[in-house]
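Peer 1: have a look at this fold, sequence not included:
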């Protein structure tokens, strides 16, 4: 297998992983509901920062600046 084939395979694997990550995001988030007090403080801080861009009244993400 040459370097181009290896690169193509690596990119395909990364693409598959990204699709799976997007597909399972809701399922993973549902697992966190009710368990966030057990999450490491650094991870909780990252989650809080990420969620600052979400408007809970409109249920939409704010546009990035």
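Peer 2: Alright, I've got the coordinates. Quick caveat: nothing in here was measured; it's all calculated off a predicted structure.
Peer 1: which outside residues touch the helix or strand bottoming out on mean pLDDT in the chain?
Peer 2: Lowest on mean pLDDT, DSSP states H and E among the helices and strands of the chain sits helix 25-32, with a mean of 90. With contact meaning C-beta atoms under 8 Å, 6 or more residues apart in numbering, helix 25-32 is reached by residue 39. (Glycine included, C-beta is placed from N, CA and C.)
Peer 1: and it, what's buried?
Peer 2: By 16 or more other C-beta atoms under 10 Å, helix 25-32 has no buried positions at all.
Peer 1: contacts for the helix or strand following it?
Peer 2: Using DSSP states H and E, the helix or strand that follows helix 25-32 in sequence is helix 41-51. Residues lying outside helix 41-51 but in contact with it, judged by C-beta under 8 Å, 6+ apart, are 36, 39.
Peer 1: quick one: helix 41-51 to helix 25-32, angle?
Peer 2: 130 degrees (axes from the mean of the first three to the mean of the last three C-alpha atoms, to 10 degrees).
Peer 1: what lines up beside the helix or strand immediately after helix 41-51 in the chain in the sheet?
Peer 2: Proceeding N to C from helix 41-51, the next assigned helix or strand is strand 54-55, under DSSP H and E. The pairing partners recorded for strand 54-55 under DSSP bridges are strand 60-61 (antiparallel).
Peer 1: any idea of the mean pLDDT for the strand it pairs with?
Peer 2: Mean pLDDT, strand 60-61: 94.
Peer 1: stretch 42-53 too?
Peer 2: 94.
Peer 1: check stretch 1-14 too.
Peer 2: Here the average pLDDT along stretch 1-14 is 94.
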